[in-house]
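A.B. asks: generate coordinates for the sequence data below:
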Amino acid sequence: MKSDRSAALLLMGVAILGIVIANSPIGPAFLDFKHSYIGFESIGLKLSVEHWVSDLLLATFFLVAGLELKYELSIGVLSKPASALVPVLAGIGGVVVPALIYVAFNWGTDYLGGWPIPTATDIAFALGILAIFGRGLPKSARVFLLALAIFDDLVAILIIAIFFTSDVQAQWLAAALVIAALHVVAEKYKKLPINYVRVITFLLLWYTVYQSGVHATIAGVVLGLIIPAKKTHSLVAKIQPWTNTVSLPVFAFFAVAIALPTFDGAFSSVFVGIAVALPVGKVIGITALAVLANRLAAKPDRLDLETLDFLAISGLAGVGFTVSLLMTNLAFVDTQYIVAEATLAVVLGSMLAMGFGAWLSQLRGRYYMRKHREENAAS
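C.D. replies: The predicted model follows:
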């Protein structure tokens, strides 16, 4: 459960299983179940099965993202402007260029609202593929990819909070802020069973944020950010194995479980925009700005990575998958046939990016291993 490799393989497996089941003879029954409503109507919590998964279960993944973000901003790579320069600038390129490519394909259409879809990076998937194929790469490769993906997550969180929020209920938002403030105080009392308090806070935050009209996954981020930085590492070690093997796979299974649309020989601009923006936009945007930033950085803050290394890592960062699928459902919630096309485009674009990144990572890993052998032989 703690293996990056296993997490990536599991995500791939459940995605394939989801799309196979949805288009099998039992597909219609499964899709009816996916869209069936369960819950507690008296307290405003009657959601479809799919929404329980994307709103509540995925909030645990965003909790981990919030914890990692808190650590990196307080203690880690993003805590010092000089050391954060390369991954942050690369992250900006990895958001802006894919968004512009998507906009270019969809300008003048009703689908411009899907521009955030190709901006995301799936941390679990990208790190898993790097662990499988990137053996031999410098350790800074993983640090760079992690910091880059965390910055991408921060951008995704802001996009969800700003662009996918409607009809904000101020009283519920105020209640969420009060709960968050009380938890900050609770963290300071050592006699409290703090892990149980965190679970209760998480559930209360999730409920109030959901009722406020802001996307409920933001509750996980808020809790992650208000937990003291020195405690985040241990919590990530406890929670991440469960998010990697339960939350993300279950979400991926439901998100990719769609009935394949019947194409009339032409794909929509949404499909083409996403399928091109994820692999091409990420590679161009991240590589260009990473190389530039690494040259501008002072020598102590430069990463020991070459242009081809940044190119390989940018390919892995093009694996949008889970967060891109979430944004797909948020952007086109009222247009199911576009959701189906966009979902396929996310899967295809992520696969192309993954294939390129894995291939080049393996080549670069072999290059560094050969280089080390030659240096050892010479010494």
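A.B. asks: tell me how far P261 lies from L130.
C.D. replies: Counting by CB to CB, to the nearest Å, the gap from P261 to L130 is 33 Å. From N, CA and C alone the C-beta is placed, and that goes for glycine too.
A.B. asks: those two: which is more packed in?
C.D. replies: The neighbour count for P261 versus L130, taken as other CB atoms under 10 Å, is higher for L130 (26 against 17).
A.B. asks: who's in contact with V77?
C.D. replies: S83, A84, P87, V143, L146, A147 (CB atoms under 8 Å, 6 or more residues apart in numbering).
A.B. asks: next step: the residues you listed restricted to helices.
C.D. replies: S83, A84, P87, V143, L146, A147 (DSSP state H).
A.B. asks: so can I have JSON lines of those residues showing pLDDT, distance to R302 and neighbour count?
C.D. replies: Rendered in JSON lines, the data for the ones in helices among the contacts of V77 read as follows (pLDDT from 0 to 100; distance: CB to CB, whole Å; neighbours: other CB atoms under 10 Å):
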{"residue": "S83", "pLDDT": "79", "distance to R302": "10", "neighbour count": "20"}
{"residue": "A84", "pLDDT": "82", "distance to R302": "13", "neighbour count": "20"}
{"residue": "P87", "pLDDT": "89", "distance to R302": "12", "neighbour count": "28"}
{"residue": "V143", "pLDDT": "83", "distance to R302": "13", "neighbour count": "16"}
{"residue": "L146", "pLDDT": "84", "distance to R302": "18", "neighbour count": "19"}
{"residue": "A147", "pLDDT": "84", "distance to R302": "14", "neighbour count": "22"}
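A.B. asks: near G213, how many other residues are there?
C.D. replies: Neighbours around G213, by other CB under 10 Å: 15.
A.B. asks: how far away is it from L278?
C.D. replies: From G213 over to L278 (counting by CB to CB), the distance is 29 Å.
A.B. asks: kindly report the same for F321.
C.D. replies: For F321 relative to L278 (CB to CB), the value is 9 Å.
A.B. asks: find the residues that touch each one of these two.
C.D. replies: Joint contacts of F321 and L278 (CB under 8 Å, 6+ apart) are V346, S350.
A.B. asks: I38 - that's part of a strand, no?
C.D. replies: Yes: under DSSP: H, G, I helix; E, B strand; the rest coil, I38 falls within a strand.
A.B. asks: per-residue pLDDT, it?
C.D. replies: Looking at I38, its pLDDT stands at 88.
A.B. asks: also T262?
C.D. replies: 68.
A.B. asks: so Y210 sits against T217, correct?
C.D. replies: No: using CB atoms under 8 Å, Y210 is not in contact with T217, being 9.5 Å away.
A.B. asks: does S24 count as helix, strand or coil?
C.D. replies: coil.
A.B. asks: number of nearby residues for it?
C.D. replies: 11.
A.B. asks: so where do the strands sit in this structure?
C.D. replies: 37-40, 45-48 (DSSP state E).
A.B. asks: winner for burial among those?
C.D. replies: strand 45-48 (a mean of 16; mean count of other CB atoms under 10 Å).
A.B. asks: check which helices and strands it sits against.
C.D. replies: strand 37-40 (3 or more CB pairs under 8 Å, 6 or more residues apart in numbering; DSSP states H and E).
A.B. asks: just checking, what packs against the strand it packs on?
C.D. replies: Counting by 3+ CB pairs under 8 Å, 6+ apart, strand 37-40 packs on strand 45-48.
A.B. asks: which residues of the stretch 251-379 of the chain fall in helices?
C.D. replies: 269-276, 282-296, 307-317, 321-331, 336-378 (DSSP state H, counting those that start in this stretch).
A.B. asks: what's the closest of those helices to A15?
C.D. replies: helix 336-378 (6.8 Å; CB to CB).
A.B. asks: give me the number of residues near P193?
C.D. replies: 8.
A.B. asks: and it, how far from V199?
C.D. replies: 10 Å.
A.B. asks: next: I21.
C.D. replies: 32 Å.
A.B. asks: comparing these two, which residue is more hemmed in?
C.D. replies: I21 (17 against 12).
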